[in-house]
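S.K.: coords please:
(chains A, B, C and D)
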Number of protein chains: 2
Amino acid sequence: MRETDFVSGFARGLKVIEAFEEAQPKMSIADIARSTGLDRATARRCLLTLSELGYADYDGKFFSLTPKILRLGHAYLSATPLTRIVQPFLDQLSEAVGQSASVSVLDGTEIVYVARASQKRVMSINLMPGSRLPAYCASMGRVLLAALSEAEARDVIHRSTLKTFTDRTLTEPDALMAEFSRIRAQGYAVIDQELELGLCSIAVPLVNGRGRVVAALNIGAPAAGGPAETLPERYLAPLQQVALSLKPLLG
Amino acid sequence: MRETDFVSGFARGLKVIEAFEEAQPKMSIADIARSTGLDRATARRCLLTLSELGYADYDGKFFSLTPKILRLGHAYLSATPLTRIVQPFLDQLSEAVGQSASVSVLDGTEIVYVARASQKRVMSINLMPGSRLPAYCASMGRVLLAALSEAEARDVIHRSTLKTFTDRTLTEPDALMAEFSRIRAQGYAVIDQELELGLCSIAVPLVNGRGRVVAALNIGAPAAGGPAETLPERYLAPLQQVALSLKPLLG
DNA sequence: TGACTTTTGTTCATATATCGCACAAACAGA
DNA sequence: TCTGTTTGTGCGATATATGAACAAAAGTCA
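M.R.: Down below sits the predicted model:
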């Protein structure tokens, strides 16, 4: 790509929008300039542009995003066939097993939920399409990382912030790589309260007609429902059946 | 705002992202240029920028959005206090009444779901945070429009595409305005299968501490569960109780 | 309180980057 | 092959970013 094929004003503007994610709902011009690294004058112009277009509100001191900004992300969810195709399967699966079921894809070091059928809340955080979790310690993340090449997986791990969420969280790169091998061999991943105490999950890859792993499917269950070792016997068959049904539908 | 405080390259780029919403997941340069009204060269530069930043994929012919784009919308959901505050109330309400409960805000002629606790699916479409419905024929939309001034409400109706979804959909502007008066007086709105046959709902406004309507809260129920006229006696009290509990928490 | 420092928002001139046009090349379908 | 369409590129005109300067506001301390 040539240098002149890059619209840096656009790139700067997107950076400004993302700056709201990591921080407060209300940000001053200086706040944005600091967290994006842009010049104050530039940040101000981007913010005023957002405000002029109705994507942000400005009270003379602070800027905040408006719900119009949701159109941007929704463009992906509504345009991507994956979301629409998997939803009915997810609903059916979730109801059949009485647990929440989700589909996610990999984005860098994180998994992004693209569809979900939730039962009664078991996690402290509320997951929804667009939500993100670190890949290394989520069952779907493990499955998606296991589908990468050794080098790619190691690179993702290297770039991840390997935080210890619970005393069971695996954070040793080599231990994680070994776990990926095991997952690749057995075809599924189990997480036993590594992200949150009391929460277990099991995930399988979603493979398309050409044999490529395009997403992951999981079932989350409270640890109180039985030890994590029993997740495969309880949920692996229905998960694999859904994965099989979806295979010819996923381009 | 001065003209030089507007970054038109940024505005054009946002237009490009939104173009994916109304159309196909895969768009060529010419497709985007046509649906945005931008020059082909400009559309191309915006698309290449998106691609360079990882927000889009390019196979040499078609562009498609990547899950990274979800970061933009998610910035709003995760940064807005409303979402976080109402979720636990929504979960509790939904479980207590055994129906889906949602909170939405108004964006132009549409309502935007910002939080939702769903029970077994009754609608054909899958609603989630970020989803949009036309305001004029949704219970939360009616409540939010009823909270506007006569002139504002009439303007929204005027700008809406008043489509007949079912044979019960109200599309007469004057009939809608009359309905808004009734809603304003009684404090809630009931929709009886106007959007989809078999689906009824009841909504109340969420008022903040300063008396301003900031969002709407609803319960959706299958028509098979009882006639729409009985929705108030079944659900109005719990809805109003949640609205009351939330009042001091909503800025 | 009042003088001082720091932070913030805004403006301006100028250097730089982007836009949109026109043209050329590549491609697809008849 | 010939259309009609799509994509890529060079260039002049135009729009935008930059960084410094200034004013206003907020914070600091005696």
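S.K.: check the stretch 51-200 of chain A for the residue nearest chain B and tell me.
M.R.: A:Gly73 (2.6 Å; CB to the nearest CB). For the C-beta atoms, the positions are set from N, CA and C on the backbone; glycine is no exception.
S.K.: what residues does chain A have near DNA strand D?
M.R.: Contact residues (CB under 7 Å from any atom of the strand) of chain A with DNA strand D: A:Arg2, A:Thr4, A:Ser8, A:Gly9, A:Arg12, A:Leu38, A:Asp39, A:Arg40, A:Ala41, A:Thr42, A:Arg45, A:Cys46.
S.K.: pick out the most distant pair among those residues.
M.R.: For the residues of chain A next to DNA strand D, the farthest-apart pair by CB to CB is A:Arg2 and A:Arg40; their separation is 29.8 Å.
S.K.: of these two, who's got more company?
M.R.: A:Arg40 (13 against 7; other CB atoms under 10 Å in any protein chain shown).
S.K.: for that one, give its distance to A:Leu48.
M.R.: Separation of A:Arg40 from A:Leu48 (CB to CB, to the nearest Å): 12 Å.
S.K.: specify the local secondary structure of whatever residue of the stretch 101-250 of chain A ends up closest to DNA strand C.
M.R.: As assessed by CB to the nearest atom of the strand, DNA strand C sits closest to A:Arg210 within the stretch 101-250 of chain A, at 20.5 Å. Recorded secondary structure, A:Arg210: coil (DSSP: H, G, I helix; E, B strand; the rest coil).
S.K.: give the contact list for the nearest residue to it once chain neighbours are set aside.
M.R.: By the measure of CB to CB, 6 or more residues apart in numbering or on different chains, the closest residue to A:Arg210 outside its immediate chain neighbours is A:Gly251, 7.8 Å from it. The neighbourhood of A:Gly251, defined by CB atoms under 8 Å, 6 or more residues apart in numbering or on different chains, consists of A:Pro81, A:Asn208, A:Gly209, A:Arg210, A:Val214.
S.K.: pLDDT weak spots in chain A?
M.R.: Counting by pLDDT under 70, the low-confidence segments of chain A come to A:1-3, A:22-23, A:120-124.
S.K.: quick one: the residue of it positioned farthest from its centre and A:Ser28, what's the gap?
M.R.: Going by CA atoms, centre = their mean, the residue of chain A most distant from its centre is A:Gly60, 34.8 Å out. Going from A:Gly60 to A:Ser28 by CB to CB gives 10 Å.
S.K.: A strand includes the residue farthest from the centre of chain A, no?
M.R.: No - read with three-state DSSP, A:Gly60 is coil and lies in no strand.
S.K.: hang on, the earlier thing: which among the contacts of A:Gly251 count as buried?
M.R.: A:Asn208, A:Val214 (16 or more other CB atoms under 10 Å in any protein chain shown).
S.K.: how close does A:Leu145 sit to B:Asn126?
M.R.: A:Leu145 is 28 Å from B:Asn126, by CB to CB.
S.K.: looking at those two, which is more packed in?
M.R.: A:Leu145 (28 against 19).
S.K.: buried sites along stretch A:198-216?
M.R.: A:199-208, A:213-216.
S.K.: revised request: answer the last question for stretch A:143-151.
M.R.: Here stretch A:143-151 shows A:Val143, A:Leu144, A:Leu145, A:Ala146, A:Ala147, A:Leu148 as buried, counting by 16+ other CB under 10 Å.
S.K.: from A:Val207, how far off is whatever residue of the stretch 151-251 of chain A ends up closest to DNA strand D?
M.R.: Closest contact between the stretch 151-251 of chain A and DNA strand D, by CB to the nearest atom of the strand, is at A:Gly251 (19.6 Å). As judged by CB to CB, A:Gly251 and A:Val207 stand 11 Å apart.
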